[in-house]
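# give me a 3D structure for the following:
(chains A and B)
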Amino acid sequence: MNTAAPLARPAARPARPVDWRDPVTLAKPVVFAACLWPFARLAFAVVNDPVSLGANPAETIEHVTGDWCLQFLLITLAVTPLRRLTGWNGVIRFRRMLGLFAFFYGVMHLACYVAFDQYFDWPAILKDIVKRPFITVGFAALVLMAPLAVTSTKGWIRRMGAQAWNRLHKLIYPVAILGVVHYWWLVKRDITWPVIYAAVLAVLLGWRLWRRSQPSARQKAAARAG
Amino acid sequence: MPIRLPKIPGSQITPREVFMDRRRFMQGATAVAAGLGGLATGEAVAEQVSAKLDAPRNSAFVVKDELTPKKLATTYNNFYEFGTGKGDPAENAGPLKVRPWTVEITGAVEEPMTVGIEDLLKMQLEERVYRFRCVEAWSMVVPWVGFELNKLVSMVGPTSKAKYVKFYTAVQKDTMTGLRMPFIDFPYVEGLRIDEAMNPLTMLTLGLYGETLPNQNGAPVRLIVPWKYGFKSVKSIVRIEFTDEQPKTTWMLAGPTEYGFYSNVNPAVDHPRWSQKRERVLPGLFASRATEPFNGYAEQVASLYSGMDLKTYF
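Residues are numbered from 1 along each chain as shown, chains lettered A, B, ... in the order given. Below is the predicted model of the structure:
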(Lines give C-alpha, C1' and ligand atoms only; values in the text may rest on other atoms or scores of the structure.)
Protein backbone atom coordinates (compact mmCIF):
# COMPACT_ATOMS: atom_id res chain seq x y z
CA MET A 1 0.00 0.00 0.00
CA ASN A 2 1.31 3.33 -0.90
CA THR A 3 0.97 5.72 2.05
CA ALA A 4 1.98 9.31 1.98
CA ALA A 5 4.72 10.38 4.30
CA PRO A 6 3.26 11.66 7.57
CA LEU A 7 2.93 15.42 7.52
CA ALA A 8 3.90 17.72 10.36
CA ARG A 9 1.00 19.95 9.58
CA PRO A 10 -1.89 19.78 7.18
CA ALA A 11 -0.93 20.53 3.63
CA ALA A 12 -2.01 23.84 2.18
CA ARG A 13 -5.28 23.53 0.40
CA PRO A 14 -4.77 23.37 -3.35
CA ALA A 15 -5.28 26.76 -4.92
CA ARG A 16 -8.75 27.30 -6.20
CA PRO A 17 -8.77 27.24 -9.99
CA VAL A 18 -9.19 30.73 -11.37
CA ASP A 19 -12.75 31.21 -12.49
CA TRP A 20 -12.68 33.89 -15.16
CA ARG A 21 -16.46 34.16 -15.15
CA ASP A 22 -16.45 35.23 -11.51
CA PRO A 23 -17.19 38.99 -11.41
CA VAL A 24 -14.97 39.55 -8.34
CA THR A 25 -12.01 37.88 -10.03
CA LEU A 26 -12.56 40.05 -13.07
CA ALA A 27 -12.96 43.22 -11.04
CA LYS A 28 -9.89 42.73 -8.87
CA PRO A 29 -7.25 43.93 -11.35
CA VAL A 30 -9.43 46.95 -12.14
CA VAL A 31 -9.80 47.81 -8.45
CA PHE A 32 -6.08 47.29 -7.95
CA ALA A 33 -5.25 49.70 -10.77
CA ALA A 34 -7.73 52.26 -9.42
CA CYS A 35 -6.16 52.04 -5.95
CA LEU A 36 -2.70 52.54 -7.40
CA TRP A 37 -3.78 55.46 -9.58
CA PRO A 38 -3.19 58.26 -7.00
CA PHE A 39 0.33 56.96 -6.40
CA ALA A 40 1.03 56.62 -10.11
CA ARG A 41 -0.01 60.22 -10.69
CA LEU A 42 2.29 61.48 -7.94
CA ALA A 43 5.21 59.39 -9.16
CA PHE A 44 4.71 60.59 -12.72
CA ALA A 45 4.58 64.22 -11.60
CA VAL A 46 7.69 63.94 -9.43
CA VAL A 47 9.69 62.47 -12.30
CA ASN A 48 8.42 64.79 -15.00
CA ASP A 49 7.37 68.09 -13.47
CA PRO A 50 7.23 68.39 -9.67
CA VAL A 51 5.88 71.96 -9.89
CA SER A 52 2.73 70.56 -11.46
CA LEU A 53 2.00 69.52 -7.86
CA GLY A 54 2.14 73.16 -6.77
CA ALA A 55 4.76 75.39 -5.20
CA ASN A 56 5.33 72.89 -2.40
CA PRO A 57 5.30 69.48 -4.13
CA ALA A 58 6.59 67.64 -1.06
CA GLU A 59 3.67 68.95 1.00
CA THR A 60 1.23 67.93 -1.73
CA ILE A 61 2.68 64.42 -1.81
CA GLU A 62 2.48 64.16 1.98
CA HIS A 63 -1.11 65.34 2.01
CA VAL A 64 -2.21 63.07 -0.84
CA THR A 65 -0.57 59.94 0.60
CA GLY A 66 -1.88 60.73 4.09
CA ASP A 67 -5.38 61.35 2.76
CA TRP A 68 -5.40 58.08 0.83
CA CYS A 69 -4.11 56.13 3.80
CA LEU A 70 -7.05 57.41 5.86
CA GLN A 71 -9.51 56.96 3.02
CA PHE A 72 -8.45 53.37 2.45
CA LEU A 73 -8.77 52.67 6.17
CA LEU A 74 -12.32 54.01 6.07
CA ILE A 75 -13.15 52.15 2.87
CA THR A 76 -11.80 48.94 4.42
CA LEU A 77 -13.94 49.53 7.48
CA ALA A 78 -16.95 50.07 5.22
CA VAL A 79 -16.67 46.60 3.68
CA THR A 80 -18.45 44.70 6.44
CA PRO A 81 -21.32 47.20 6.83
CA LEU A 82 -21.73 47.19 3.06
CA ARG A 83 -21.85 43.41 3.06
CA ARG A 84 -24.46 43.29 5.81
CA LEU A 85 -26.61 46.04 4.38
CA THR A 86 -26.56 44.83 0.78
CA GLY A 87 -26.23 41.11 1.37
CA TRP A 88 -23.49 41.06 -1.27
CA ASN A 89 -20.90 38.68 0.19
CA GLY A 90 -18.46 39.06 -2.70
CA VAL A 91 -17.40 42.47 -1.41
CA ILE A 92 -15.46 40.80 1.41
CA ARG A 93 -12.97 39.51 -1.15
CA PHE A 94 -11.74 43.05 -1.80
CA ARG A 95 -11.06 43.76 1.85
CA ARG A 96 -7.48 42.53 2.04
CA MET A 97 -6.43 44.52 -1.02
CA LEU A 98 -8.03 47.68 0.35
CA GLY A 99 -6.39 47.24 3.74
CA LEU A 100 -3.01 46.65 2.15
CA PHE A 101 -3.39 49.83 0.11
CA ALA A 102 -4.07 51.74 3.33
CA PHE A 103 -0.78 50.38 4.63
CA PHE A 104 1.00 51.14 1.35
CA TYR A 105 -0.07 54.80 1.38
CA GLY A 106 0.77 55.03 5.09
CA VAL A 107 4.29 53.77 4.42
CA MET A 108 4.66 56.26 1.56
CA HIS A 109 3.43 59.02 3.87
CA LEU A 110 6.03 58.09 6.50
CA ALA A 111 8.76 57.81 3.86
CA CYS A 112 7.98 61.37 2.69
CA TYR A 113 8.22 62.66 6.24
CA VAL A 114 11.56 60.90 6.75
CA ALA A 115 13.05 62.02 3.44
CA PHE A 116 11.41 65.36 2.61
CA ASP A 117 10.69 66.86 6.04
CA GLN A 118 13.47 65.42 8.16
CA TYR A 119 16.02 64.85 5.43
CA PHE A 120 17.02 61.54 7.08
CA ASP A 121 18.00 63.20 10.35
CA TRP A 122 17.40 60.06 12.45
CA PRO A 123 18.03 61.59 15.90
CA ALA A 124 15.59 64.38 15.03
CA ILE A 125 13.05 61.82 13.84
CA LEU A 126 13.27 59.87 17.09
CA LYS A 127 12.95 63.08 19.07
CA ASP A 128 9.93 64.04 16.99
CA ILE A 129 8.19 60.70 17.58
CA VAL A 130 8.66 60.98 21.33
CA LYS A 131 8.03 64.69 21.69
CA ARG A 132 5.25 65.63 19.29
CA PRO A 133 1.90 64.01 20.01
CA PHE A 134 0.61 64.16 16.44
CA ILE A 135 3.73 62.40 15.18
CA THR A 136 3.52 59.89 18.03
CA VAL A 137 -0.03 58.86 17.20
CA GLY A 138 0.59 58.80 13.45
CA PHE A 139 3.64 56.64 13.90
CA ALA A 140 1.83 54.37 16.36
CA ALA A 141 -0.98 53.89 13.83
CA LEU A 142 1.46 52.77 11.18
CA VAL A 143 3.34 50.46 13.56
CA LEU A 144 0.05 48.81 14.54
CA MET A 145 -0.83 48.35 10.88
CA ALA A 146 2.35 46.44 10.12
CA PRO A 147 1.33 43.12 11.79
CA LEU A 148 -2.02 43.34 10.00
CA ALA A 149 -0.27 43.69 6.65
CA VAL A 150 2.12 40.84 7.43
CA THR A 151 -0.64 38.47 8.53
CA SER A 152 -2.98 39.33 5.70
CA THR A 153 -2.26 36.13 3.74
CA LYS A 154 -4.33 32.94 3.74
CA GLY A 155 -1.33 31.11 5.17
CA TRP A 156 -1.29 33.34 8.24
CA ILE A 157 -5.02 32.92 8.81
CA ARG A 158 -4.50 29.18 8.81
CA ARG A 159 -1.45 29.34 11.04
CA MET A 160 -3.06 31.63 13.58
CA GLY A 161 -6.51 30.15 13.48
CA ALA A 162 -9.48 32.24 12.45
CA GLN A 163 -10.34 33.35 15.97
CA ALA A 164 -6.90 34.69 16.91
CA TRP A 165 -6.55 36.22 13.46
CA ASN A 166 -9.85 38.01 13.81
CA ARG A 167 -8.90 39.28 17.23
CA LEU A 168 -5.57 40.62 15.95
CA HIS A 169 -7.22 42.34 13.03
CA LYS A 170 -9.53 44.26 15.34
CA LEU A 171 -6.44 46.48 15.64
CA ILE A 172 -7.79 48.32 12.60
CA TYR A 173 -10.19 50.13 14.92
CA PRO A 174 -7.52 51.84 17.06
CA VAL A 175 -5.42 52.34 13.92
CA ALA A 176 -8.20 54.31 12.23
CA ILE A 177 -8.88 56.34 15.37
CA LEU A 178 -5.17 57.19 15.76
CA GLY A 179 -5.02 58.14 12.10
CA VAL A 180 -7.86 60.63 12.42
CA VAL A 181 -6.40 62.03 15.65
CA HIS A 182 -3.06 62.47 13.87
CA TYR A 183 -4.74 64.53 11.17
CA TRP A 184 -6.81 66.51 13.66
CA TRP A 185 -3.78 67.49 15.71
CA LEU A 186 -1.61 68.51 12.82
CA VAL A 187 -3.87 71.05 11.12
CA LYS A 188 -3.25 74.64 12.05
CA ARG A 189 -6.71 76.08 12.30
CA ASP A 190 -9.19 74.77 9.77
CA ILE A 191 -10.32 71.35 11.05
CA THR A 192 -13.07 70.88 8.46
CA TRP A 193 -11.53 67.76 6.93
CA PRO A 194 -10.47 66.07 10.17
CA VAL A 195 -14.06 66.53 11.35
CA ILE A 196 -15.40 64.91 8.18
CA TYR A 197 -13.07 61.92 8.57
CA ALA A 198 -13.98 61.63 12.24
CA ALA A 199 -17.69 61.69 11.40
CA VAL A 200 -17.38 58.92 8.81
CA LEU A 201 -15.29 56.84 11.21
CA ALA A 202 -17.84 57.41 13.97
CA VAL A 203 -20.61 56.12 11.71
CA LEU A 204 -18.59 53.03 10.72
CA LEU A 205 -17.63 52.18 14.30
CA GLY A 206 -21.00 53.22 15.68
CA TRP A 207 -22.74 50.85 13.28
CA ARG A 208 -20.67 47.98 14.73
CA LEU A 209 -21.55 48.92 18.31
CA TRP A 210 -25.20 49.21 17.38
CA ARG A 211 -25.15 45.77 15.77
CA ARG A 212 -23.54 44.22 18.81
CA SER A 213 -26.32 45.60 20.94
CA GLN A 214 -28.92 43.98 18.68
CA PRO A 215 -29.99 40.41 19.33
CA SER A 216 -28.37 38.09 16.79
CA ALA A 217 -30.42 36.16 14.21
CA ARG A 218 -29.97 32.99 16.23
CA GLN A 219 -31.23 34.65 19.39
CA LYS A 220 -34.21 36.01 17.48
CA ALA A 221 -35.01 32.57 16.11
CA ALA A 222 -34.69 31.09 19.56
CA ALA A 223 -37.00 33.74 20.94
CA ARG A 224 -39.57 33.00 18.23
CA ALA A 225 -39.37 29.24 18.83
CA GLY A 226 -39.71 29.73 22.56
CA MET B 1 -4.37 117.01 8.43
CA PRO B 2 -2.40 117.86 5.31
CA ILE B 3 -0.15 115.16 4.02
CA ARG B 4 3.46 116.17 3.93
CA LEU B 5 5.10 113.87 1.49
CA PRO B 6 8.52 114.71 0.10
CA LYS B 7 8.71 116.35 -3.30
CA ILE B 8 9.94 113.79 -5.74
CA PRO B 9 11.44 114.59 -9.14
CA GLY B 10 9.16 113.61 -11.98
CA SER B 11 11.64 111.08 -13.29
CA GLN B 12 11.21 108.99 -10.16
CA ILE B 13 7.47 108.99 -10.11
CA THR B 14 5.97 105.65 -10.88
CA PRO B 15 3.88 105.71 -14.04
CA ARG B 16 0.35 106.40 -12.89
CA GLU B 17 -1.47 104.76 -15.73
CA VAL B 18 -2.49 101.86 -13.58
CA PHE B 19 -4.24 99.72 -16.10
CA MET B 20 -6.91 97.20 -15.52
CA ASP B 21 -5.98 93.71 -16.46
CA ARG B 22 -9.08 92.68 -18.30
CA ARG B 23 -8.28 89.03 -18.51
CA ARG B 24 -7.83 88.76 -14.76
CA PHE B 25 -11.01 90.75 -14.27
CA MET B 26 -12.92 88.24 -16.31
CA GLN B 27 -11.34 85.34 -14.41
CA GLY B 28 -12.35 86.94 -11.15
CA ALA B 29 -15.88 87.42 -12.38
CA THR B 30 -16.09 83.81 -13.50
CA ALA B 31 -14.75 82.56 -10.20
CA VAL B 32 -17.33 84.54 -8.28
CA ALA B 33 -20.11 83.36 -10.55
CA ALA B 34 -19.01 79.76 -10.04
CA GLY B 35 -18.65 80.24 -6.31
CA LEU B 36 -22.15 81.59 -5.90
CA GLY B 37 -23.69 79.02 -8.16
CA GLY B 38 -24.51 81.55 -10.84
CA LEU B 39 -26.09 84.03 -8.47
CA ALA B 40 -23.28 86.54 -8.87
CA THR B 41 -24.54 90.00 -9.58
CA GLY B 42 -21.10 91.31 -10.39
CA GLU B 43 -21.29 93.86 -7.59
CA ALA B 44 -18.63 92.11 -5.58
CA VAL B 45 -16.26 92.05 -8.50
CA ALA B 46 -13.65 94.75 -8.42
CA GLU B 47 -10.62 95.16 -10.57
CA GLN B 48 -7.35 93.40 -10.02
CA VAL B 49 -4.96 96.27 -10.56
CA SER B 50 -1.64 95.34 -12.05
CA ALA B 51 1.05 97.73 -13.15
CA LYS B 52 4.77 97.76 -13.69
CA LEU B 53 6.79 99.15 -10.81
CA ASP B 54 10.23 99.90 -12.12
CA ALA B 55 12.33 100.37 -9.04
CA PRO B 56 16.12 100.17 -8.92
CA ARG B 57 17.51 97.19 -7.07
CA ASN B 58 19.28 98.06 -3.85
CA SER B 59 22.31 95.79 -4.01
CA ALA B 60 22.94 96.16 -0.27
CA PHE B 61 19.83 94.09 0.35
CA VAL B 62 20.03 91.19 -2.04
CA VAL B 63 20.03 87.52 -1.10
CA LYS B 64 22.34 85.79 -3.57
CA ASP B 65 20.20 82.68 -3.99
CA GLU B 66 18.08 81.94 -7.02
CA LEU B 67 14.71 83.72 -7.10
CA THR B 68 11.60 81.66 -6.50
CA PRO B 69 9.63 81.50 -9.76
CA LYS B 70 7.05 84.30 -9.69
CA LYS B 71 4.23 81.92 -10.48
CA LEU B 72 4.93 79.98 -7.30
CA ALA B 73 5.24 83.05 -5.09
CA THR B 74 1.88 84.25 -6.38
CA THR B 75 -0.04 80.97 -6.15
CA TYR B 76 1.10 79.62 -2.78
CA ASN B 77 -0.09 82.00 -0.09
CA ASN B 78 -1.44 82.13 3.43
CA PHE B 79 -4.20 84.75 3.41
CA TYR B 80 -7.05 83.35 5.50
CA GLU B 81 -9.41 86.14 4.45
CA PHE B 82 -9.63 84.22 1.18
CA GLY B 83 -9.56 80.66 2.51
CA THR B 84 -7.18 78.42 4.41
CA GLY B 85 -5.77 76.48 1.46
CA LYS B 86 -2.50 77.72 0.00
CA GLY B 87 -4.09 77.99 -3.43
CA ASP B 88 -7.27 79.67 -2.17
CA PRO B 89 -5.99 83.28 -2.14
CA ALA B 90 -4.83 83.13 -5.78
CA GLU B 91 -8.21 81.66 -6.69
CA ASN B 92 -10.43 83.91 -4.55
CA ALA B 93 -8.67 87.24 -4.07
CA GLY B 94 -9.46 88.58 -7.54
CA PRO B 95 -12.48 90.64 -6.37
CA LEU B 96 -10.56 92.42 -3.55
CA LYS B 97 -11.16 96.14 -4.04
CA VAL B 98 -7.77 97.82 -4.03
CA ARG B 99 -8.93 101.25 -5.27
CA PRO B 100 -9.67 103.58 -3.64
CA TRP B 101 -7.32 102.56 -0.84
CA THR B 102 -6.11 104.55 2.12
CA VAL B 103 -3.93 103.76 5.10
CA GLU B 104 -4.90 105.47 8.34
CA ILE B 105 -1.94 106.31 10.53
CA THR B 106 -3.07 106.98 14.05
CA GLY B 107 -2.34 106.71 17.77
CA ALA B 108 0.72 108.08 19.52
CA VAL B 109 1.98 110.30 16.70
CA GLU B 110 2.43 114.06 16.27
CA GLU B 111 0.65 114.12 12.95
CA PRO B 112 -1.98 111.48 12.40
CA MET B 113 -2.82 111.19 8.73
CA THR B 114 -4.59 109.17 6.13
CA VAL B 115 -2.43 108.34 3.15
CA GLY B 116 -3.80 107.33 -0.23
CA ILE B 117 -2.21 104.43 -2.04
CA GLU B 118 -1.29 106.78 -4.91
CA ASP B 119 0.88 108.79 -2.52
CA LEU B 120 2.62 105.69 -1.27
CA LEU B 121 3.33 104.69 -4.87
CA LYS B 122 4.93 108.11 -5.39
CA MET B 123 7.51 107.47 -2.71
CA GLN B 124 10.99 106.59 -3.89
CA LEU B 125 10.69 102.87 -4.39
CA GLU B 126 13.44 100.29 -4.51
CA GLU B 127 13.72 96.58 -5.05
CA ARG B 128 15.17 94.24 -2.45
CA VAL B 129 15.61 90.50 -2.65
CA TYR B 130 14.77 88.97 0.72
CA ARG B 131 14.44 85.43 1.90
CA PHE B 132 10.89 84.82 3.08
CA ARG B 133 10.71 82.14 5.77
CA CYS B 134 7.28 80.82 6.70
CA VAL B 135 6.64 79.41 10.17
CA GLU B 136 5.60 76.22 8.33
CA ALA B 137 9.28 75.56 7.54
CA TRP B 138 9.38 76.55 3.89
CA SER B 139 11.08 79.52 2.32
CA MET B 140 11.12 81.52 -0.88
CA VAL B 141 13.42 84.17 -2.30
CA VAL B 142 11.36 87.13 -3.50
CA PRO B 143 12.19 90.51 -5.05
CA TRP B 144 9.98 92.99 -3.19
CA VAL B 145 9.37 96.59 -4.24
CA GLY B 146 8.76 99.25 -1.63
CA PHE B 147 10.48 101.54 0.82
CA GLU B 148 11.69 101.45 4.38
CA LEU B 149 8.84 101.75 6.85
CA ASN B 150 10.92 104.17 8.92
CA LYS B 151 10.45 106.80 6.18
CA LEU B 152 6.72 106.77 6.79
CA VAL B 153 7.17 106.62 10.55
CA SER B 154 9.40 109.68 10.60
CA MET B 155 6.77 111.60 8.60
CA VAL B 156 4.12 111.14 11.28
CA GLY B 157 6.48 111.68 14.21
CA PRO B 158 5.87 109.06 16.90
CA THR B 159 5.57 110.45 20.41
CA SER B 160 7.36 109.04 23.47
CA LYS B 161 4.32 106.84 24.06
CA ALA B 162 4.84 105.04 20.78
CA LYS B 163 6.48 101.84 21.99
CA TYR B 164 4.78 99.53 19.53
CA VAL B 165 3.23 99.67 16.08
CA LYS B 166 0.04 97.82 15.35
CA PHE B 167 -1.03 96.93 11.81
CA TYR B 168 -4.52 96.05 10.62
CA THR B 169 -5.48 94.17 7.48
CA ALA B 170 -8.58 95.30 5.61
CA VAL B 171 -11.93 93.63 6.21
CA GLN B 172 -14.04 93.58 3.03
CA LYS B 173 -17.12 91.53 3.79
CA ASP B 174 -18.27 91.48 0.18
CA THR B 175 -14.98 90.33 -1.34
CA MET B 176 -13.28 88.24 1.35
CA THR B 177 -14.85 84.80 1.15
CA GLY B 178 -12.80 83.50 4.08
CA LEU B 179 -14.50 85.81 6.57
CA ARG B 180 -17.51 83.51 6.54
CA MET B 181 -15.43 80.77 8.14
CA PRO B 182 -13.60 82.59 10.91
CA PHE B 183 -10.77 80.22 11.79
CA ILE B 184 -8.87 83.21 13.13
CA ASP B 185 -10.08 86.59 14.37
CA PHE B 186 -10.60 89.35 11.83
CA PRO B 187 -9.37 91.95 11.22
CA TYR B 188 -5.95 90.36 11.05
CA VAL B 189 -3.69 92.25 13.44
CA GLU B 190 0.08 92.25 13.63
CA GLY B 191 2.60 94.26 15.56
CA LEU B 192 6.21 95.31 15.90
CA ARG B 193 8.22 96.99 18.59
CA ILE B 194 9.03 100.54 17.51
CA ASP B 195 12.74 99.78 17.05
CA GLU B 196 11.82 96.80 14.86
CA ALA B 197 9.57 99.04 12.81
CA MET B 198 12.39 101.56 12.42
CA ASN B 199 14.97 98.98 11.37
CA PRO B 200 16.12 99.56 7.79
CA LEU B 201 15.20 95.98 6.85
CA THR B 202 11.51 96.55 7.58
CA MET B 203 9.81 97.39 4.32
CA LEU B 204 6.46 98.83 3.45
CA THR B 205 5.91 96.84 0.31
CA LEU B 206 3.89 97.74 -2.77
CA GLY B 207 5.09 95.22 -5.30
CA LEU B 208 6.98 92.10 -6.23
CA TYR B 209 8.86 90.97 -9.32
CA GLY B 210 8.76 94.48 -10.72
CA GLU B 211 5.00 94.99 -10.54
CA THR B 212 2.31 95.96 -8.07
CA LEU B 213 1.31 93.31 -5.57
CA PRO B 214 -1.18 90.75 -6.81
CA ASN B 215 -4.23 90.68 -4.54
CA GLN B 216 -3.33 87.28 -3.10
CA ASN B 217 0.05 88.65 -1.98
CA GLY B 218 -1.53 91.44 0.04
CA ALA B 219 -2.37 94.20 -2.43
CA PRO B 220 -2.06 97.06 -2.48
CA VAL B 221 0.30 97.54 0.46
CA ARG B 222 1.83 95.13 2.95
CA LEU B 223 4.68 94.76 5.36
CA ILE B 224 7.83 92.70 4.87
CA VAL B 225 9.88 91.92 7.97
CA PRO B 226 12.48 89.49 6.66
CA TRP B 227 13.95 88.24 9.94
CA LYS B 228 10.56 87.15 11.26
CA TYR B 229 8.23 84.35 10.22
CA GLY B 230 6.04 85.24 7.29
CA PHE B 231 2.81 85.76 9.22
CA LYS B 232 4.34 88.89 10.80
CA SER B 233 4.46 90.44 7.33
CA VAL B 234 0.84 91.60 7.42
CA LYS B 235 -1.04 92.01 4.14
CA SER B 236 -3.46 94.59 2.68
CA ILE B 237 -2.86 97.19 5.40
CA VAL B 238 -5.55 99.81 6.09
CA ARG B 239 -4.48 101.05 9.50
CA ILE B 240 -1.20 101.62 11.35
CA GLU B 241 -1.54 102.49 15.01
CA PHE B 242 1.22 103.62 17.36
CA THR B 243 0.65 102.47 20.91
CA ASP B 244 2.33 102.07 24.29
CA GLU B 245 1.10 98.54 24.77
CA GLN B 246 2.23 95.35 23.07
CA PRO B 247 -0.42 94.48 20.49
CA LYS B 248 -2.29 91.23 20.83
CA THR B 249 -1.71 89.79 17.41
CA THR B 250 -4.05 87.46 15.57
CA TRP B 251 -1.88 84.35 15.77
CA MET B 252 -0.98 84.96 19.41
CA LEU B 253 -4.70 84.90 20.16
CA ALA B 254 -5.29 81.85 17.96
CA GLY B 255 -2.47 79.79 19.47
CA PRO B 256 -0.66 81.42 22.39
CA THR B 257 1.65 78.45 22.94
CA GLU B 258 2.58 78.25 19.28
CA TYR B 259 2.92 81.85 18.12
CA GLY B 260 4.64 84.58 20.08
CA PHE B 261 4.78 88.32 19.60
CA TYR B 262 8.36 88.33 18.33
CA SER B 263 8.30 85.26 16.07
CA ASN B 264 11.87 85.81 14.99
CA VAL B 265 13.15 83.09 12.70
CA ASN B 266 15.11 80.86 15.05
CA PRO B 267 16.39 77.33 14.30
CA ALA B 268 16.97 76.76 18.02
CA VAL B 269 13.35 77.31 19.05
CA ASP B 270 10.95 74.75 17.61
CA HIS B 271 7.31 75.26 16.89
CA PRO B 272 5.56 72.93 19.36
CA ARG B 273 4.46 70.73 16.49
CA TRP B 274 7.50 70.78 14.24
CA SER B 275 11.17 71.57 14.13
CA GLN B 276 12.43 74.90 12.81
CA LYS B 277 15.95 73.57 12.35
CA ARG B 278 15.63 73.21 8.61
CA GLU B 279 13.54 74.58 5.81
CA ARG B 280 12.37 73.55 2.38
CA VAL B 281 13.36 76.02 -0.32
CA LEU B 282 10.34 75.94 -2.60
CA PRO B 283 9.71 74.26 -4.93
CA GLY B 284 12.35 71.78 -3.72
CA LEU B 285 11.27 68.49 -2.19
CA PHE B 286 13.75 68.16 0.64
CA ALA B 287 13.91 70.37 3.72
CA SER B 288 17.65 70.37 3.35
CA ARG B 289 18.48 74.00 4.02
CA ALA B 290 19.67 74.80 7.54
CA THR B 291 17.55 77.66 8.84
CA GLU B 292 19.65 80.64 9.87
CA PRO B 293 19.16 82.65 13.05
CA PHE B 294 17.05 85.69 12.19
CA ASN B 295 16.68 84.21 8.72
CA GLY B 296 20.21 85.27 7.86
CA TYR B 297 19.78 88.86 9.05
CA ALA B 298 21.42 88.40 12.47
CA GLU B 299 24.07 90.99 11.73
CA GLN B 300 21.45 93.68 11.26
CA VAL B 301 18.95 92.77 13.97
CA ALA B 302 20.43 90.47 16.65
CA SER B 303 21.38 93.51 18.73
CA LEU B 304 17.69 94.45 19.03
CA TYR B 305 17.25 91.44 21.30
CA SER B 306 20.45 91.47 23.32
CA GLY B 307 19.83 90.30 26.85
CA MET B 308 16.50 88.71 25.92
CA ASP B 309 15.91 84.99 26.26
CA LEU B 310 14.61 84.15 22.81
CA LYS B 311 13.09 80.90 24.07
CA THR B 312 10.85 82.92 26.37
CA TYR B 313 10.24 85.72 23.91
CA PHE B 314 9.58 83.50 20.91
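# just for the chain, where's the confidence low?
Reading this off chain A. Confidence mapping of chain A against pLDDT under 70 gives the ranges A:1-16, A:225-226.
# should've been chain B
B:1-49.
# and the strands in it?
Under the criterion DSSP state E, chain B contains strands at B:57-62, B:102-107, B:113-116, B:126-133, B:138-148, B:164-169, B:189-193, B:203-208, B:211-212, B:222-224, B:237-243, B:278-281, B:289-290.
# reformat these as TSV; add mean neighbour count and distance to chain A.
(Glycine included, C-beta is placed from N, CA and C.) Below are these laid out as TSV (neighbours: other Cβ atoms under 10 Å in any protein chain shown; distance: least, Cβ to the nearest Cβ, whole Å):
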stretch	mean neighbour count	distance to chain A
strand B:57-62	13	22
strand B:102-107	19	27
strand B:113-116	17	32
strand B:126-133	21	12
strand B:138-148	22	6
strand B:164-169	23	16
strand B:189-193	22	16
strand B:203-208	25	14
strand B:211-212	20	19
strand B:222-224	23	18
strand B:237-243	20	22
strand B:278-281	21	6
strand B:289-290	14	9
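# relative to residue A:146, which of those is closest?
Ranking these by distance to residue A:146, with Cβ to Cβ as the measure, places strand B:278-281 first at 28.0 Å.
# neighbouring strands - and their directions - for that closest one?
strand B:138-148 (parallel), strand B:289-290 (antiparallel) (DSSP bridges).
# re the thing from before, can you put the strands of chain B in TSV and add distance to residue A:53?
Listed next are these as TSV, based on distance: least, Cβ to Cβ, whole Å:
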stretch	distance to residue A:53
strand B:57-62	29
strand B:102-107	37
strand B:113-116	41
strand B:126-133	20
strand B:138-148	14
strand B:164-169	29
strand B:189-193	31
strand B:203-208	23
strand B:211-212	26
strand B:222-224	27
strand B:237-243	32
strand B:278-281	13
strand B:289-290	20
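# so which helix or strand takes in the spatially most central residue of chain A?
The centroid of chain A falls nearest to residue A:99 when counting by Cα atoms, centre = their mean (3.1 Å). In this structure, residue A:99 sits in helix A:95-112 according to DSSP states H and E.
# near chain A, which residues of the stretch 151-300 of chain B show up?
By Cβ under 8 Å from any Cβ of the partner chain, the residues of the stretch 151-300 of chain B that approach chain A are B:181, B:183-184, B:254-255, B:272-275, B:277-278, B:280, B:282-288.
# show me what contacts whichever residue of chain A sits closest to chain B?
Nearest residue of chain A to chain B, counting by Cβ to the nearest Cβ: residue A:55, 3.4 Å away. Neighbouring residues of residue A:55 by Cβ atoms under 8 Å, 6 or more residues apart in numbering or on different chains: B:68, B:72-73, B:75-76, B:86, B:282-283.
# which residues touch the residue in the stretch 201-314 of chain B that chain A sits nearest to?
Closest to chain A within the stretch 201-314 of chain B is residue B:285: 4.5 Å, counting by Cβ to the nearest Cβ. Going by Cβ under 8 Å, 6+ apart, residue B:285 touches A:46, A:50, A:57-58, A:61, A:115-116.
# got a quick PyMOL command for the buried subset of those?
Per 16 or more other Cβ atoms under 10 Å in any protein chain shown, the buried members of the contacts of residue B:285 correspond to this PyMOL selection:
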select buried, chain A and resi 46+50+57+58+61+116
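# how much space between residue A:128 and residue B:230?
Counting by Cβ to Cβ, to the nearest Å, the separation of residue A:128 from residue B:230 is 23 Å.
# same thing with residue A:168?
Residue A:168 sits 47 Å away from residue B:230, taking Cβ to Cβ as the criterion.
# more crowded one of these two?
Remark: of residue A:168 and residue B:230, residue B:230 carries more neighbours, 21 against 14, as counted by other Cβ atoms under 10 Å in any protein chain shown.
# nearest residue to the more buried one other than its sequence neighbours?
Closest residue in space to residue B:230, ignoring its immediate chain neighbours: residue B:134 at 4.3 Å, by Cβ to Cβ, 6 or more residues apart in numbering or on different chains.
# what about that neighbour, how many neighbours?
The burial count for residue B:134: 21, using other Cβ under 10 Å.
# widest-spaced pair of the contacts of residue B:285?
Maximum pairwise distance among those (Cβ to Cβ): 13.7 Å, between A:50 and A:115.
# in the top helix by length along chain A, what's buried?
Longest helix of chain A, by residue count under DSSP state H: helix A:57-86. By neighbour count, with 16+ other Cβ under 10 Å as the criterion, the buried positions of helix A:57-86 are A:57-80.
# of those residues, which ones also sit close to chain B?
On the criterion Cβ under 8 Å from any Cβ, A:57-59, A:61 are the entries of those that sit beside chain B.
# just give me the closest of those residues to residue B:193.
The nearest member of these to residue B:193, counting by Cβ to Cβ, is residue A:59 at 32.3 Å.
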